[in-house]
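Got a predicted structure plus its sequence, pasted below:
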Amino acid sequence: LHKFSCVSRMPWCHNGVRFLSQVGQHHGPLTLASLGYKSEFESTNKNKSNKPKKHSPPIEIPKAKVKAVRSDGIKAAGVKKSLEIESAPFAANSFLELGLPPLLLERLEREGFNVPTEVQSAAIPSILKNHDVVIQSYTGSGKTLAYLLPILSKVGPLKDKSSNGNGESGKKTDIEAVIVAPSRELGMQIVREIKKLLGPSDKKAVQQLVGGANRSRQEEALRKNKPAIVVGTPGRIAEISAAGKLHTHGCRFLVLDEIDELLSFNFREAMHRIVEHVGRRSGANPREPKSALATRAERQTIMVSATVPFSVIRAARSWGHDPLLVQAKNVIPLESMPATGPGNLSGPMSGSSSNSNLQAKQADQSLPPALKHYYCVTKLQHKVDTLRRCVHALDAQTVIAFMNNTRQLKDAVFKLEARGMKAAELHGDLGKLARSTTLKKFKNGEVRVLVTNELSARGLDVAECDLVVNLDLPTDSIHYAHRAGRTGRLGRRGTVVSICEEPEVFVVKKMQKQLAVPIQACEFTEGRLVIGKEEEKTLEAVR
Ligand SMILES: Nc1ncnc2c1ncn2[C@@H]1O[C@H](COP(=O)(O)OP(=O)(O)OP(=O)(O)O)[C@@H](O)[C@H]1O
């Protein structure tokens, strides 16, 4: 975004990145915390009601300029219906061929995981062979199990009995795997995925250490249950570790999920502590004189994200040992990546011609291939109404709408509800109970439109989500990719619509270029999505 020529009127455009007034003072990198999230800390419910703005009539569209296209919507008239997986990224081989232990294979079958996805097929053997890895594959392609399965093969109650490590003698000692995620929602989701495989009798082998939850209870659970795996947010893990209640020197795995987000400034101190205190970096010289590292177990470092900017490559080189870059169809030494300049798609730094090939090649690995992308130009005061017409036109049943400002987000929910569309807000100002209740309602179909901000852009896994709408544009292509990835999970159909004002169109065009996907101009009229003929012509050139 630094490269975009700013239009001073545009609220998000100032010194690189700026959202609307609420986050306007923040000039650091975009993070959950910078967007007003308190994912790591207790937050209060400041749910204030805002007066609804006057209803704005829909915009009239000159019919001659437009051509109707078939909606991508999924028919589910009032009833929540699961979306069919259409082009799943499944691999040709089976979990058995990947060398997973029998007990884990049983649990996978019980939970209906029959075939590994491509990225799982590439990552599992690499991790089982003790490599440090950076896992990069598009949103919703199964990266979580790609690292959880090899870890559960070596750690905890489902492990291969021949694998070494603590617990071998039946005596539980240290924690063996630490998994770090940037938000409590994502942390809890990972815990649920692990517990599903562990089953009720072994679920205490994993402990959540997320912010916003009761810390003494977490410490008590650590003491009593001696879990093999902990999953948490950076601040809470670092706090408990600094208090001497988390013993991670014997740890064999350190997973940094959504690594590019974890590298943001707000997590810097906590991440530093975690990286220094969890096991010993493999390849570090244990005989180094003053090094306390000698007493620690050698750890494997696993970093994960759909987007791998250069900062991640740098971090992987310094925190890992000869790491591999694992993608769905590729496993290559990270060393073979360019040593300087931008990594893959990025906002601020992308666009240099020397890296454009690499960028284009990796960009298409960040977005699910089946997604359809559109943008619709409207006036600011008509955005919510355009959203409503968009939902109807596509007959979308499970919609995530992204905004950048909490107050305007509440307004949008109010307007949608006033027009009879079931909507709810999700953001960091809500208490943890309100956040989980809203998410539950959204997942079970009680809420049709979830209006949220960057909190939900990473990791949130709602299989039924058939439409993502950017009511405010994301800051750059990385944020676009993560938001867009909330739909089209695991090969399902999905549509992404960015609703913007005329002066913002160049931002959409820029993202289209960086992401190497067509983002078609469209309008919603007479209950249908329509694209302009002119736009069609230019799109032919893009394709
Ligand atoms: N082999 C598999 N078979 C069936 N379902 C799977 C398989 N692997 C993963 N899934 C399911 O696919 C969904 C998406 O997986 P996951 O959340 O791990 O994707 P991701 O790549 O981490 O996405 P993001 O980048 O958005 O975090 C989850 O609901 C998960 O349970």
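Structure received.

Just the CA trace of the helix or strand where residue 326 lies, in CSV.
Assigned by DSSP states H and E, residue 326 belongs to strand 324-327. The C-alpha coordinates for strand 324-327 follow below in CSV (Å, rounded to 0.1, in the frame of the first residue of the first chain):
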residue,chain,number,x,y,z
LEU,A,324,12.2,-26.3,3.9
LEU,A,325,9.4,-24.4,2.2
VAL,A,326,6.5,-26.8,2.0
GLN,A,327,3.8,-26.0,-0.5
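
elements contacting it?
Under the contact criterion of 3 or more CB pairs under 8 Å, 6 or more residues apart in numbering; DSSP states H and E, strand 324-327 touches helix 118-128, strand 133-136, strand 330-333. Every residue, glycine included, has its C-beta placed from N, CA and C.

could the ones you listed be laid out in TSV, adding mean neighbour count, distance to the ligand and mean pLDDT?
What follows is the helices and strands packed on strand 324-327, written out as TSV (neighbours: other CB atoms under 10 Å; distance: least, CB to the nearest ligand atom, whole Å; pLDDT from 0 to 100):
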stretch	mean neighbour count	distance to the ligand	mean pLDDT
helix 118-128	24	6	95
strand 133-136	27	9	96
strand 330-333	12	16	90
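
burial count for residue 192?
Residue 192 has 13 neighbouring residues, counting by other CB atoms under 10 Å.

still on that earlier bit, sheet-wise, list the partners of the strand holding residue 326 with their directions.
Strand 324-327 sits in its sheet next to strand 133-136 (parallel), strand 330-333 (antiparallel), going by DSSP bridges.

between the ones you listed, which gets nearest to residue 508?
Judged by CB to CB, the one of the strands paired with strand 324-327 that comes nearest to residue 508 is strand 133-136, at 24.5 Å.

about what we covered before: out of the helices and strands packed on strand 324-327, nearest to residue 415?
Closest among the helices and strands packed on strand 324-327, once you apply CB to CB, is strand 133-136, at 38.5 Å.

chain center to that closest one, what's the gap?
For strand 133-136, the distance from its own C-alpha centre to the chain's C-alpha centre is 14 Å (CA atoms, centre = their mean, to the nearest Å).

Please list the residues outside it that contact it.
The contact list for strand 133-136, computed with CB atoms under 8 Å, 6 or more residues apart in numbering, reads 119, 123, 126-127, 143, 146-147, 259, 302-308, 312-313, 316, 320, 323-327, 334, 344, 362, 365-366.

Is any residue of the helix or strand following it near the ligand?
Later in the chain than strand 133-136, the nearest helix or strand by DSSP H and E is helix 143-154. Yes. Residues of helix 143-154 contacting the ligand under CB under 6 Å from any ligand atom: 143-145.

Around the ligand, which positions in the stretch 401-543 of the chain sit nearby?
459, 461, 463, 485, 489-490.

Spit out the contact partners of the residue of the stretch 201-350 of the chain at minimum distance from the ligand.
Residue nearest to the ligand within the stretch 201-350 of the chain: residue 306 (4.3 Å; CB to the nearest ligand atom). Each residue near residue 306 by CB under 8 Å, 6+ apart is listed here: 136-139, 143, 365-366, 481-482, 485.

Over to it: give its phi and psi.
When read as degrees, to the nearest 10, the backbone of residue 306 gives phi -80, psi -20.

how close does it get to residue 241?
Distance of residue 306 to residue 241, given as CB to CB, to the nearest Å: 28 Å.

Can you tell me the closest non-neighbouring residue to residue 194?
Spatial nearest neighbour of residue 194, chain neighbours left out: residue 206 (4.6 Å); criterion: CB to CB, 6 or more residues apart in numbering.

Identify the bridge partners of that neighbour.
Taking DSSP bridges, one finds residue 229 as the beta-bridge partners of residue 206.

So what's the residue count around it?
25.

Would you confirm that it contacts residue 188?
No. Contact criterion CB atoms under 8 Å: residue 206 and residue 188 do not qualify, at 11.2 Å.

who's in contact with the one residue in the stretch 151-300 of the chain that gets nearest to the ligand?
In the stretch 151-300 of the chain, the residue that lies nearest the ligand is residue 193 (6.4 Å; CB to the nearest ligand atom). When contacts are counted by CB under 8 Å, 6+ apart, residue 193 touches 144-145, 148.

Just give me the closest of those residues to residue 448.
Using CB to CB, those come closest to residue 448 at residue 144, 26.4 Å.

which non-adjacent residue is nearest that closest one?
Residue 144 sits nearest to residue 193 (CB to CB, 6+ apart), 5.5 Å away.

Over to residue 94?
residue 115 (6.4 Å).

How about the contacts made by that neighbour?
For residue 115, the contacting residues are 90-91, 94-95, by CB under 8 Å, 6+ apart.

Three-state assignment for the residue of the stretch 151-300 of the chain closest to the ligand, please.
Three-state assignment for residue 193 (DSSP: H, G, I helix; E, B strand; the rest coil): helix.

Likewise for the one 10 residues further on?
Classification of residue 203 using three-state DSSP returns helix.

Begin at 230, not 1, for the rest of this chat.
From this message on, residue numbering opens at 230, which makes the last subject residue 432.

Show me the shaky parts of this structure.
Across the chain, the ranges flagged by pLDDT under 70 are 230-318, 321, 392-402, 510-526, 567-593, 762-772.

Any idea which residue is closest to the centre of it?
residue 687 (2.3 Å; CA atoms, centre = their mean).

thought that residue was touching residue 490?
Yes. The pair residue 687 and residue 490 passes the contact test of CB under 8 Å, sitting 5.9 Å apart.

who does the helix or strand harbouring residue 664 touch, helix- and strand-wise?
Per DSSP H and E, residue 664 falls inside helix 661-672. Applying 3+ CB pairs under 8 Å, 6+ apart, we find helix 661-672 packed against helix 413-427, strand 652-655.

As JSON lines, those with distance to residue 636 would be great.
Output for those, formatted as JSON lines (distance: least, CB to CB, whole Å):
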{"stretch": "helix 413-427", "distance to residue 636": "21"}
{"stretch": "strand 652-655", "distance to residue 636": "11"}
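
so how far is the ligand from residue 647?
Residue 647 sits 32 Å away from the ligand, going by CB to the nearest ligand atom, to the nearest Å.

With adjacent residues omitted, what lies nearest to residue 381?
Residue 381 sits nearest to residue 387 (CB to CB, 6+ apart), 5.0 Å away.

which residues touch that neighbour?
330, 332-333, 336, 381, 426-427, 431.

how about the helix or strand hosting residue 743: buried residues?
Using DSSP H and E, residue 743 sits in helix 734-744. Neighbour-count burial for helix 734-744 flags 736-737, 739-744 (criterion: 16 or more other CB atoms under 10 Å).

From residue 744, how far off is residue 490?
From residue 490 to residue 744 the distance is 18 Å (CB to CB).

what does residue 752 give?
22 Å.

just checking, what packs against the host helix or strand of residue 616?
In the assignment (DSSP H and E), residue 616 maps to helix 612-623. Packing partners of helix 612-623 (3+ CB pairs under 8 Å, 6+ apart): helix 635-647, strand 696-699, strand 724-729, strand 748-754, strand 757-761.
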